[in-house]
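Task: produce atomic coordinates for the following.
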Amino acid sequence: MQVITIALISVGLAADAFAVSLTSGLLIKRIKLNKALKIALFFGVFQAIMPLIGWVIGLGFRALIAAISHWVAFLLLAALGIKMIHEALSESDTEAFNPLDNYTLLGLAIATSIDALAAGFGLSLINVPLLIIVTSIGFVTWFLSFIGVFIGHYFGHLLQDKAQVMGGVILMGIGTYILLENMIPIS
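All right, here's what the predicted structure looks like:
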């Protein structure tokens, strides 16, 4: 069951980057392999680094909240999921940007990986194989971002909000699973 949880966390956290990749693909006039690789690399690396930072921060608080860690993980993942769904469903004007500019990519990579930072804090409270989950998050984000650029080039305007909603639902589901797993004794 842990493999499924890791996969779902990875997909859920990658949803923001996937949605931004769709938009990036939509804005790129001449799509090329190296452009998609650049965008995917930025997103994948940041999505892998941020949970590590959150995990280290979370270690400092582990002893204080060990008894309620499942509640903290649930609340963090549920809040992130709700935030993602809200952002996807709210109408906001986005400014045109160059998705291949290094500074723009840096800002987008940080913005889309803030939820991974919070998830890393939550992951420090439960027993998970850190190297495996961080690698999975980074690779899944890289892969979905890479594919997202190409999909976005052709279909981005149809899928962007749906991907973010799906990611939010997945994160809320994982939080609920963690909570129930720790509240209901399985014997």
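
averaged over its residues, what pLDDT does the longest helix anywhere in the chain have?
With secondary structure taken from DSSP state H, the chain has its longest helix at helix 130-183. In this model, helix 130-183 has an average pLDDT of 81.

Ok, stretch 75-82 next?
pLDDT averaged over stretch 75-82 gives 78.

Just give me how far it sits from the chain centre.
In terms of C-alpha atoms, centre = their mean, to the nearest Å, the centre of stretch 75-82 is set 12 Å apart from its chain centre.

hey, C-alpha coordinates of that stretch in PDB?
Extracted in PDB, the C-alpha atoms of stretch 75-82 (Å, rounded to 0.1, in the frame of the first residue of the first chain):
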ATOM      1  CA  LEU A  75      -4.600  19.000   7.800                       C
ATOM      2  CA  LEU A  76      -1.600  20.000   5.700                       C
ATOM      3  CA  LEU A  77      -2.600  17.700   2.800                       C
ATOM      4  CA  ALA A  78      -6.200  18.700   3.000                       C
ATOM      5  CA  ALA A  79      -5.400  22.400   3.100                       C
ATOM      6  CA  LEU A  80      -3.100  22.000   0.100                       C
ATOM      7  CA  GLY A  81      -5.700  20.100  -1.800                       C
ATOM      8  CA  ILE A  82      -8.400  22.700  -1.000                       C
END
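
And that stretch, what's buried?
L76, L77, A78, L80, G81 (16 or more other C-beta atoms under 10 Å). The way it works is simple: take the backbone N, C-alpha and C, and place the C-beta from them, glycine included.

And stretch 133-147, by the same measure?
By neighbour count on 16+ other C-beta under 10 Å, the buried set for stretch 133-147 is I133, V134, S136, I137, G138, V140, T141, W142, L144, S145, F146, I147.

So what touches it?
6-7, 9-11, 13-15, 17-18, 20-21, 36-37, 39-41, 43-45, 47-48, 51-52, 116, 123 (C-beta atoms under 8 Å, 6 or more residues apart in numbering).

Just the buried subset of those residues, written out for ChimeraX, thanks.
Selecting only the buried entries of the contacts of stretch 133-147 in ChimeraX, with 16+ other C-beta under 10 Å as the criterion:
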select :6,9,10,11,13,14,15,17,18,20,21,36,39,40,43,44,47,48,51,52,116,123
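
among the contacts of stretch 133-147, which are in helices?
6-7, 9-11, 13-15, 17-18, 20-21, 36-37, 39-41, 43-45, 47-48, 51-52, 116, 123.

wait, what's in contact with the residue lying closest to I132 once chain neighbours are set aside?
Spatial nearest neighbour of I132, chain neighbours left out: I6 (6.5 Å); criterion: C-beta to C-beta, 6 or more residues apart in numbering. Shown in contact with I6 (C-beta under 8 Å, 6+ apart): V128, P129, I132, I133, S136.
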